[in-house]
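Chemist: need a 3D model of the following:
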Amino acid sequence: MATDIHGPVSPAKTGLSQVVRVEGLTRSFDGRAVVDDLALDIAPGEFVALLGRSGCGKSTLLRVLAGLDRDIEGTVLVPRRRAVAFQAPRLMPWKKVWRNVVLGLPGRPERALAERVLEEVGLGHRADAWPKTLSGGEAQRASLARALVREPDLLLLDEPFGALDALTRIKAQRLVGEVWRRRGCAVLLVTHDVEEAVLLADRVLVMDGGRIAHEQRVALDRPRDITDPRFATIRAGLLERLGVDTAAEAA
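Modeler: Numbers count the residues shown, from 1 in each chain. Here you go, the predicted structure:
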């Protein structure tokens, strides 16, 4: 069932062809619109990446979709079952990993539930570990497990690989791609990495001036090959949209 962030909306009213529907969304801070009359649709099971310069409103939009920011104008329809993973894992240091995974779930969720999701992200052997003993990649996987345990129809990722080293980042990207294909949920990934966006997404959006300024479909077979000339062409086009001189980059 879809949910308006201001209250429930019936499936018949929202139509289930879209898992996210945003119309006329505006979010202002001190009289300045960071998100300005924005429109966005995401289909069930679609992987969407969102690019844009710092300060363009990407993370603000994600927070609105997550229900963490409600001081808005416009219409935002999102699924009830949604979860978010941030760049910082935000694990509670006084709780073991498995307890972090089920933190906030209703009732008294069993350890077995956490263990199943930890196994899915390759962290089953660290269920009893304390967060301070985890590597950066392990902590990010624990954060992802905490999102997945909620069985989301919409998974929101706010630069989840930004603080990882290059090798760990590649492994984390592959993991997210595998989880998405297995789970079939819709994903919105906010990132600064154009190559990452083209590698993972069905559709890449560029945000500018508080709106979606450009949309690029990525019609490439999976798994994607970054040496494919078509991959390079899409990447170059997106970089140009972001104001990056690709000729200077190549030099």
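
Chemist: mind naming the longest helix for this structure?
Modeler: Determined from DSSP state H, the single longest helix within the chain is helix 166-183.

Chemist: quick one: contacts of it?
Modeler: With CB atoms under 8 Å, 6 or more residues apart in numbering as the test, helix 166-183 has contacts from 47, 120-122, 135-137, 140-141, 144, 148, 155, 157, 160-161, 164, 187, 189, 196, 199-200, 222-223. For every residue, glycine as well, the C-beta is placed using N, CA and C.

Chemist: quick one, helices of this protein?
Modeler: Under the criterion DSSP H, the chain contains helices at 11-14, 58-66, 97-101, 111-120, 136-148, 166-183, 194-200, 229-241, 246-250.

Chemist: so the fourth one versus helix 166-183, what angle?
Modeler: Right, the one you point to is helix 111-120. Going by axes from the mean of the first three to the mean of the last three CA atoms, to 10 degrees, helix 111-120 is angled at 120 degrees with respect to helix 166-183.

Chemist: give me the contact list for helix 111-120.
Modeler: Helix 111-120 is touched from outside by 97-99, 101-102, 105, 124, 126-127, 142, 145, 148-149, 179, 182, with contacts defined as CB under 8 Å, 6+ apart.

Chemist: just to revisit the earlier point, now the contacts of helix 166-183: which count as buried?
Modeler: 47, 120-121, 137, 140-141, 144, 148, 155, 157, 160-161, 164, 187, 189, 196, 199-200 (16 or more other CB atoms under 10 Å).
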